[in-house]
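[1] sequence below, structure please.
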Amino acid sequence: MGHLDHAAFGWLTPVLSYLMACTGAALGLRCTVRALAVTGRSRRNWLLTAASAIGTGIWTMHFVAMLGFRVSGTDIRYDVPLTILSLVVAMAVVCAGVFAVGYSRDRNRALLLGGLTTGLGVASMHYLGMAAVRLHGDVTYRPLLVGLSVLIAVVAATAALWAGLNIKSPLAVTLASLVMGAAVSSMHYTGMLAVRVRVAPSGEVLPGATAMQFIFPLAVGLGSYLFLTSAFVALSPTAGEREASASAQRPVQSAAR
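    Predicted coordinates for the structure are as follows:
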């Protein structure tokens, strides 16, 4: 059995990955709040932004954490197409869950179905990302811990969608995002505790890209997207602010006439 190190850079990757998960959750929740306050194309656009933020945050959290993953006795590479597919899956399932909640008339049913779908999708993203790992040896999993990680993903996804429906104030969104970041990180590290690797030393060159060649640049790009989008959302007026501005302008226009 190879020795697994989940934090080769110390606390750097766990803390940074947690911050990515919190940022994605906070941005997604704020966008969902904006979406539920409007209709038509504006609602669709805000929901798309929410889904991309949450999906990006979850995926970036996973692979930033994977930057610290090491196995003694073997190098590690990543299959590029499978890694990209895991990102697509994360985006797609979160989008399905967010839209189900954003447009359904029966919010409770949509919350349950959306949470289940999104949670299973997040777990699929995680294990697709693990399937992209290439090393000299065989990777196996402890079924009980795998099941626990999937359960955490479903509960976390359902809680995130519930928060999007019920939490409005910036302070509450911040607190909810911290909890969601912790839940997503717990799901990841529970899934990683399930991993067992039987190393088979070999001189063959592993296929795929190293984490620094592929994962790191992509994670930096997606992280930049999260922070730039956060700034855009923070500077965008809310529906209430736009309405207040329009109401303030009406007396001025009436007086001018």
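[2] contacting residues for the spatially most central residue of the chain?
    Closest to where the C-alpha atoms of the chain average out (C-alpha atoms, centre = their mean) is I58, at 1.9 Å. By C-beta atoms under 8 Å, 6 or more residues apart in numbering, the residues touching I58 are 21, 24, 90, 94, 122, 125, 184. From N, CA and C alone the C-beta is placed, and that goes for glycine too.
[3] can you map out the strands along the stretch 151-257 of the chain?
    All strands of the stretch 151-257 of the chain, identified by DSSP state E, counting those that start in this stretch, fall at 195-199.
[4] so where's it uncertain?
    Along the stretch 151-257 of the chain, segments meeting pLDDT under 70 span 235, 237-257.
[5] that older thread, please, which helix or strand holds the residue nearest to the centre of the chain?
    Per DSSP states H and E: I58 is located in helix 40-66.
[6] chain center to that helix, what's the gap?
    Helix 40-66 sits 6 Å away from the centroid of its parent chain (C-alpha atoms, centre = their mean, to the nearest Å).
[7] next SSE after that helix?
    That would be, after helix 40-66 and using DSSP H and E, strand 70-71.
[8] what's in contact with the next helix or strand after that next one?
    Once the chain leaves strand 70-71, the next helix or strand it forms, by DSSP H and E, is strand 76-78. With C-beta under 8 Å, 6+ apart as the test, strand 76-78 has contacts from 69-70, 132-135, 206-211, 214-215.
[9] cutoff 10 Å now
    63, 66, 69-70, 86, 129, 132-136, 197, 205-211, 213-215 (C-beta atoms under 10 Å, 6 or more residues apart in numbering).
[10] of those, buried ones?
    63, 66, 69-70, 86, 129, 132-136, 197, 206, 208-209, 211, 214-215 (16 or more other C-beta atoms under 10 Å).
[11] inside helices: which ones of those?
    63, 66, 86, 129 (DSSP state H).
[12] may I ask which two of those are separated the most?
    Farthest apart among these by C-beta to C-beta are M66 and S86. That separation is 10.7 Å.
[13] what touches both of those two?
    Common neighbours of M66 and S86 (C-beta under 10 Å, 6+ apart) are 78, 129-130, 132.
[14] now for the residues you listed, which pair is the farthest apart?
    Comparing every pair within the shared contacts of M66 and S86 by C-beta to C-beta identifies Y78 and M130 as the most remote, at 10.2 Å.
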